[in-house]
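1. Below: sequence and its predicted model.
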Amino acid sequence: MTWFTSAETAAMHRAIAIAASPDAPAGPNPRVGCVILSAAGRVLAEGHHRGAGTAHAEVDALAHLAASGISAYGTTAVVTLEPCNHYGRTGPCAQALLDAGVTDVIYAQDDPTTQARGGAAALAAAGVHVRSGLCADEAAQLNRAWLLAVTTGRPMVTWKLAATLDGRIAAADTTSRWITPPAARHDAHRLRRQCDAIMVGTGTALADDPALTIRDEAGQPAPPHLQPLRVVVGSRPIPSTAQVLADDNHLLLPDHDPHAVLAVLASREIRHVLLEGGPTLAAAFLRAGVVDEVVAYVAPALLGAGPAAVADFGVSTIADIVRLRHPRVQVLGEGDDLAIRLAGDPDPGGPERTAHPSPPSTTTPRRIADVHRNC
Ligand SMILES: NC(=O)C1=CN([C@@H]2O[C@H](COP(=O)(O)OP(=O)(O)OC[C@H]3O[C@@H](n4cnc5c(N)ncnc54)[C@H](OP(=O)(O)O)[C@@H]3O)[C@@H](O)[C@H]2O)C=CC1
Ligand SMILES: Nc1c(N[C@@H]2O[C@H](COP(=O)(O)O)[C@@H](O)[C@H]2O)[nH]c(=O)[nH]c1=O
């Protein structure tokens, strides 16, 4: 059994928090944070990864430590992911920790990739005291999309919908903006920010002419390098004036096979795709068993007619109902302008679905004197 001190546990909480900083954009790499502790458990420096091609968290933290004139000799590096052991866009972190003189390394979870794993073994072989598993569930949740993508070979799919109380996503004449109030739409833009691609079917592209961009609460778009790839699936042509075609950061995929669509996105290092409808495309992805998460914004409103949130995807009897696991509920907005955000992971119960990292438990951390086994 591995034990951790309260200072080490607090450092790991901090490392997870900084790994999720707003300047750590979605992209091909995992989110990683690192905190460096003195032998007495005092925080000396911290760092995090800011996306592909930039310094890894350990190197960022070591650079901050060096900048403050403190030697890394005899320190403990607390990292959210096993230090890498390869030359990718940057050098191996295991070697950087060794070169700096770090004597203890604690990491939350193993790196599952064949290219980068092995840092723990390399460090241990060089005499570094290595421990792992601290806050492993929280760290896995932080990188849920990345872990799913690198272990399954396809991007994680989050299906987002905005529906009325009677489960409709548009009126009978196909108009749908807006069903949900501003607070819910702002939340949807925060969701877009976590994804590398936003995808709709041609039906939605033709009916709504969506922009599919990340915008702030004042409607200002995020800088181009932070905008996700816009993807339209289907064979019908889209008018050249369509907003999704506004710049080169888009992809038109005539293929109807969700697996083929995801394979194309995976080849472009897309780790997390937001499926924003409509009901026909969502049904195809559900039927194919490739929806990993559903985020539904439900407004206190009624339409009585118009398309349902999702088309028929093969459920004909109640025994086959698709329930959401780990459901999470939030109220957004207030007064007449509120909406419910209901999120969860579809569980068709079929054997074809693979196990994915679960969200962290909501139980209070267990404390025994000054030592902790986990978060
Ligand atoms: N409130 C909300 O959250 C949302 C509402 N909407 C509303 O939904 C309506 C549009 O719905 P819908 O027409 O269903 O739009 P979709 O975006 O689901 O597009 C449907 C099209 O997707 C293409 N397609 C790709 N793969 C498949 C597949 N495996 N099976 C079938 N079709 C596939 C087909 O295009 P092709 O024929 O060109 O090959 C099909 O016609 C609009 O009124 C819009 O406002 C849309 C999104 C979200
Ligand atoms: N109607 C509706 C939504 N609709 C979704 O938003 C898309 C428009 O994106 P954009 O042009 O970038 O603002 C649209 O095509 C559809 O996918 N979303 C919501 O949060 N609430 C709503 O009431």
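-> Everything's here; your move. All figures in this text were calculated on a predicted structure; none of them were measured in a lab. Ligands and ions are numbered 1, 2, ... in the order given.
2. going forward, measure contacts and count neighbours with C-alpha atoms only.
-> Will do.
3. can you pull the contacts of the residue in the stretch 1-150 of the chain that ligand 2 sits nearest to?
-> Closest approach between the stretch 1-150 of the chain and ligand 2, counting by C-alpha to the nearest ligand atom: Ala26, at 18.0 Å. Residues in contact with Ala26, defined by C-alpha atoms under 8 Å, 6 or more residues apart in numbering, are 51, 193-196.
4. Is it located within a helix, as I assumed?
-> No. Using DSSP: H, G, I helix; E, B strand; the rest coil, the assignment for Ala26 is coil, not a helix.
5. Wait, Gly74 touches Ser38, no?
-> Yes. Between Gly74 and Ser38 a contact is recorded at 7.3 Å, counting by C-alpha atoms under 8 Å.
6. out of these two, which sits in the busier spot?
-> Taking other C-alpha atoms under 10 Å, Gly74 and Ser38 do not tie; Ser38 has more neighbours (18 against 15).
7. Model confidence for the residue nearest to that one when sequence neighbours are not counted, exactly?
-> Excluding the flanking residues, the one nearest Ser38 by C-alpha to C-alpha, 6 or more residues apart in numbering is Thr75, at 4.9 Å. Per-residue confidence (pLDDT) for Thr75: 98.
8. Residues of this protein that sit close to ligand 1?
-> Applying C-alpha under 6 Å from any ligand atom, one finds that the chain approaches ligand 1 through 161-163, 169-170, 174-176, 200-204, 207-208, 233-236, 256-257, 276-281, 284.
9. which of the residues you listed are buried?
-> If you count burial by 16 or more other C-alpha atoms under 10 Å, the buried members of the residues of the chain next to ligand 1 come out as 161-163, 169-170, 176, 200-204, 233-234, 276-281, 284.
10. so which of these also contact ligand 2?
-> Answer for these near ligand 2 (C-alpha under 6 Å from any ligand atom): 162, 176, 204, 276-277.
11. Okay, and which of these map to strands?
-> Ala162 (DSSP state E).
12. Return the closest of the ones next to ligand 2 among the buried ones among the residues of the chain next to ligand 1 with respect to Leu142.
-> Glu276 (22.0 Å; C-alpha to C-alpha).
13. Can you list phi and psi of that closest one for me?
-> Main-chain dihedrals, Glu276, degrees, to the nearest 10: phi -100, psi 30.
14. Fine by me, thanks again.
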